[in-house]
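Visitor: 3D model of this:
(2 chains)
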Amino acid sequence: MPIIEVKNLTYTYPGGTQPAIKNVLLTIEKGDFVIFTGPSGCGKTTLCRCFNGLIPHFYAGKLEGELTFARLDVTEHPIYEMACHVGLVFQNPENQLFALSVEKDVAFGLENLGLPRDEMRKRVDWALQMTGIEELRERAPHELSGGQQQRVAIACVLAMQPEVMVLDEPTSFLDPLGAEKIFEVISELNKRLGITVILIEHRLDLASKYANHVVIMDHGTIVLDGKPQEVFDSESARLIGVGIPKATRLWQMLRQNGIRLDRAPVNSEEAIQLLRGVLKRD
Amino acid sequence: MIEVKGAHFTYPTGVEALKGVSLAIREGEFVAIMGSNGAGKTTLVKHFNGLLKPAKGEVFVDEVNTRSVSIASLARKVGFVFQNPDHQLFCETAEEEIAYALKNFGFEEEAVKTRVTWALNLLGLTQYRQTSPFMLSGGERKRLALASVLAWDPKVVVLDEPTIGQDYEQKEKLRQFIVQLNTQGKTVIVVTHDVEFVADCGPRVVLMAEGKIVADGDAKEILTNKELAFKASIVPPQITQIFLGLADFGLPTDVINVHEAGKILFDFLKEEVKP
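Guide: You can find the predicted model right below:
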């Protein structure tokens, strides 16, 4: 079932001479784990800002085309309403956290919704538990490490129980193990709770194994949209200059040299499995 | 060029960031300092230009003890590009931003002009000469910060997490640029946890964990060591993981780079699978 549907969407920022996104056509299914990637300035962040109504409600500008969330017209519902459906996690958690304790930060969005105290308590506990930061409850967010802060930011959004979570390069400040832990947390939320995940990411080597849907944008349009394996292995992904996973790149290099193996892998586990199969057969 | 001897450092909050670090970096070297968040990487490099002084131990830059000279005179030798360009940019235009340090260092007006033009051009920012740094994208701001440091031609350039927020192409350009700087004789020190970036550059790698140096060697040796990597919260490059997973077929386990990997696998497979 489609959760986000975009048809012929074109948007120009106030004062902009050119549209930031042009004629975008896209369907995201409920429960998808989508990676959005493409060169800086390709429009991926702009498009994701439409999903929760930040565009056009906050950024104004000129929006044309259709944009629906669960069949609701996003342009007709205010941000505070959309925020309950579509949660946003920023690249830098420092831009999002401000309270004196983790617990208060996670509760803030709920207070704004005017939820009863018991319900708030329940949801805060649950969000802290899901993101594995219960022991940080009383700590001040600004004293935490980058990885811990990013988990707090995710907990804040999770507590709102959104159907969709949009994360804009959530791990770029983290070391690889820290990044992997964040992706694991997100992937758990996707699998266990069925939350639709939209991840804007450049580091495809780390992230691609979690996704079932990849969208590549360039110059404000969607140029590739499909399963990770198809998208990453396509010639145009390489030409746009997207850092396709090294495993996929390896397959392409072998193919250029006349060795055609089955479908290209998107991560090391797949590559190992495929190569083991080839080597064992002989 | 830089010599650290038994350096200890504790922040006023009580966090012990360096616990006896010793390290020597020769002129013209290309070094990547890697390790987990909070391992002490940034604290260590802040000692290279005297921003921090060790509580115990000594740091020498170009044979001068950092305790005995001002930060300004050290900055002339060791240029610093911070992780977050917003911590370093503050002028009204890109041009002024680059000129600022040059003026402070007492360059003549004409020299300032030439160097500003040179630096803008070098990093592809000429079109933004009159633009406010805050109107630039994250990647462009980072390049501007680098331009303003390179303008005064320091002997050593320290880049703290240069690849954050850069897309693949910018990253590739940056990599070529850094390698080129190094080939031209500059000492380049990069703080990063971008393993794929390091695998493509192949510098000397200094690995830190919990305020100490846990390994020091070439990229190949360190990135392919699973135990070391884990200790420093690093995941081996994807290519390395593939080769480690196929070790029992007699494939080498010290491959980090995709081009190298392609050649090895091709030679291996052409025997096994007839193309």
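
Visitor: show me what contacts the residue nearest to A:Ala179 when sequence neighbours are not counted?
Guide: Take A:Ala179 and drop its neighbours on the chain: the residue closest to it by Cβ to Cβ, 6 or more residues apart in numbering or on different chains is A:Thr171, 3.6 Å away. For glycine as for every other residue, the C-beta is placed from the backbone atoms N, C-alpha and C. Neighbour list for A:Thr171: A:Gln150, A:Gly178, A:Ala179, A:Ile182, A:Phe183, A:Glu201, A:Arg203, A:Leu206, A:Ala207 [criterion: Cβ atoms under 8 Å, 6 or more residues apart in numbering or on different chains].

Visitor: as TSV, those with neighbour count, distance to A:Gly132 and pLDDT would be great.
Guide: Listed next are the contacts of A:Thr171 as TSV, based on neighbours: other Cβ atoms under 10 Å in any protein chain shown; distance: Cβ to Cβ, whole Å; pLDDT from 0 to 100:
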residue	neighbour count	distance to A:Gly132	pLDDT
A:Gln150	31	12	88
A:Gly178	22	12	82
A:Ala179	23	15	86
A:Ile182	23	10	88
A:Phe183	24	13	92
A:Glu201	24	21	91
A:Arg203	21	21	84
A:Leu206	22	19	86
A:Ala207	29	19	90
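
Visitor: centroid residue for chain A?
Guide: Nearest to the geometric centre of chain A sits A:Leu199, at 1.5 Å (Cα atoms, centre = their mean).

Visitor: what lines up beside whichever strand or helix holds B:Ala215 in the sheet?
Guide: According to DSSP states H and E, B:Ala215 maps onto strand B:212-218. Partner strands and pairing direction for strand B:212-218 (DSSP bridges) are strand B:204-209 (antiparallel).

Visitor: tell me how far the worst-scoring helix or strand of chain B on mean pLDDT is from the chain's mean position?
Guide: When the helices and strands of chain B are scored by mean pLDDT, DSSP states H and E, helix B:258-272 comes last with a mean of 86. Centroid displacement of helix B:258-272 relative to its chain, using Cα atoms, centre = their mean, to the nearest Å, is 31 Å.

Visitor: which helices and strands does the helix ranked longest in chain A pack with?
Guide: Across chain A, the helix with the greatest residue count (assigned by DSSP state H) is helix A:176-193. When contacts are defined as 3 or more Cβ pairs under 8 Å, 6 or more residues apart in numbering or on different chains; DSSP states H and E, helix A:176-193 packs onto strand A:33-37, helix A:117-130, helix A:146-159, strand A:164-168, strand A:196-200, helix A:204-207.

Visitor: ranges for the helices of chain A?
Guide: Under the criterion DSSP H, chain A contains helices at A:44-51, A:79-82, A:102-113, A:117-130, A:146-159, A:176-193, A:204-207, A:228-233, A:235-240, A:246-256, A:268-281.

Visitor: other residues contacting stretch A:102-117?
Guide: A:80, A:83-84, A:97-99, A:119-120, A:123-124, A:127-128, A:133, A:136-141, A:144, A:152, A:155-157, A:159-160.

Visitor: state the mean pLDDT of it.
Guide: Throughout stretch A:102-117, pLDDT has a mean value of 92.

Visitor: buried ones in it?
Guide: A:Val102, A:Glu103, A:Lys104, A:Asp105, A:Val106, A:Ala107, A:Gly109, A:Leu110, A:Leu115 (16 or more other Cβ atoms under 10 Å in any protein chain shown).

Visitor: and B:Glu95, what does it touch?
Guide: Per Cβ under 8 Å, 6+ apart, neighbours of B:Glu95: B:Val116, B:Leu120, B:Arg129, B:Gln130.

Visitor: can we see that at 10 Å?
Guide: B:Val112, B:Lys113, B:Val116, B:Thr117, B:Ala119, B:Leu120, B:Leu125, B:Thr126, B:Tyr128, B:Arg129, B:Gln130, B:Thr131 (Cβ atoms under 10 Å, 6 or more residues apart in numbering or on different chains).

Visitor: what of B:Ala39?
Guide: A:175, B:17-18, B:33, B:191, B:193, B:207-214, B:231-233.

Visitor: just the buried residues out of those residues, in PyMOL syntax.
Guide: Filtering these down to the buried ones (16+ other Cβ under 10 Å) takes a single PyMOL command:
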select buried, (chain A and resi 175) or (chain B and resi 17+18+33+191+193+207+208+209+211+213+231+232+233)
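
Visitor: what is the neighbour count of the nearest residue to A:Gly194 once chain neighbours are set aside?
Guide: The spatially closest residue to A:Gly194, leaving aside those adjacent along the chain, is A:Gly31, at 5.0 Å (Cβ to Cβ, 6+ apart). By the criterion of other Cβ atoms under 10 Å in any protein chain shown, A:Gly31 has 16 neighbours.

Visitor: and the pLDDT at A:Gly31?
Guide: 96.

Visitor: ditto for the one 3 residues further on
Guide: At A:Val34 the predicted local distance difference test score is 97.

Visitor: before we move on, what about the one 3 residues further on?
Guide: The pLDDT attached to A:Thr37 in the predicted structure is 93.

Visitor: what's the burial count for it?
Guide: Count around A:Thr37 with other Cβ under 10 Å applied: 29.

Visitor: many thanks, I have nothing further to ask.
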